[in-house]
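# generate a structure from the sequence data that follows.
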Amino acid sequence: MSHKRVAILISGGGSNMVSLVDSMTGDHPARPCLVLSNDAQAVGLKKAADRGIPTAVVDHRPFKGDRAAFEAELLKPLEDTRPDIVCLAGFMRVLTGDFVSRFQGRMLNIHPSLLPKYKGLNTHSRAIEAGDAEHGCSVHEVTAALDDGPILGQAGVPIEAGDTAETLAARVLVWEHKLYPEVLRRFAEGDRSPVLLP
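Below is the predicted model of the structure:
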């Protein structure tokens, strides 16, 4: 069996990347081929290298907001490694429709809210401020619109009295690390039916 090749894009510590990489063993239909970051200081790069995964860095800062030029450079290591699937795992740059369309139907993202609620940033504090009883995380296919695209999995987390954005984020992260690998395995097998946890 030939494994699907997975490239993972990160900007920071890479905890979701690690959960994905560590799941891709044994009878898993996919294997990691690249971890790519827009920040050379991203701690996740060392975690990937320690696991024997090729890494690459394309710093967005020299491009001074020229997203097309940044993405042209970002494409190079991806074209070199020819991934079947691209996973965004805490990648903090918004990608243009042109870039996304190259990987249409093959790019996944994890987002810390129960989409379609709370697209964008500061999701945990927004859920608390809204008085929601439940928060969580979603894995979705990436389309040109931010945090849009078909939902492939969700995990719900109750909001508890006294929760802060930090305590809630920590509990949601535990479920991110369970949900994303589960969705990736199914997706690599060609199954797009949504995963609902717990």
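# ok, now how distant is residue 161 from residue 122?
Distance, residue 161 to residue 122, using Cβ to Cβ, to the nearest Å: 21 Å. For glycine as for every other residue, the C-beta is placed from the backbone atoms N, C-alpha and C.
# those two - which one has more neighbours?
Ranked by neighbour count (other Cβ atoms under 10 Å), residue 161 and residue 122 place residue 122 first, with 12 against 4.
# quick one: pLDDT of the nearest residue to the more buried one once chain neighbours are set aside?
Using Cβ to Cβ, 6 or more residues apart in numbering and skipping the chain neighbours, the partner closest in space to residue 122 is residue 165 (7.5 Å). At residue 165, the pLDDT value in this model is 98.
# pretty sure residue 198 sits against residue 154.
No - the criterion here is Cβ atoms under 8 Å, and residue 198 misses it with residue 154 at 10.6 Å.
# out of the two, which sits in the more crowded spot?
residue 154 (21 against 9).
# ok, the residue lying closest to the more buried one once chain neighbours are set aside - how many residues close by?
Distances taken as Cβ to Cβ, 6+ apart place residue 138 nearest to residue 154, at 4.8 Å, with adjacent residues excluded. With neighbours defined by other Cβ under 10 Å, the count for residue 138 comes to 25.
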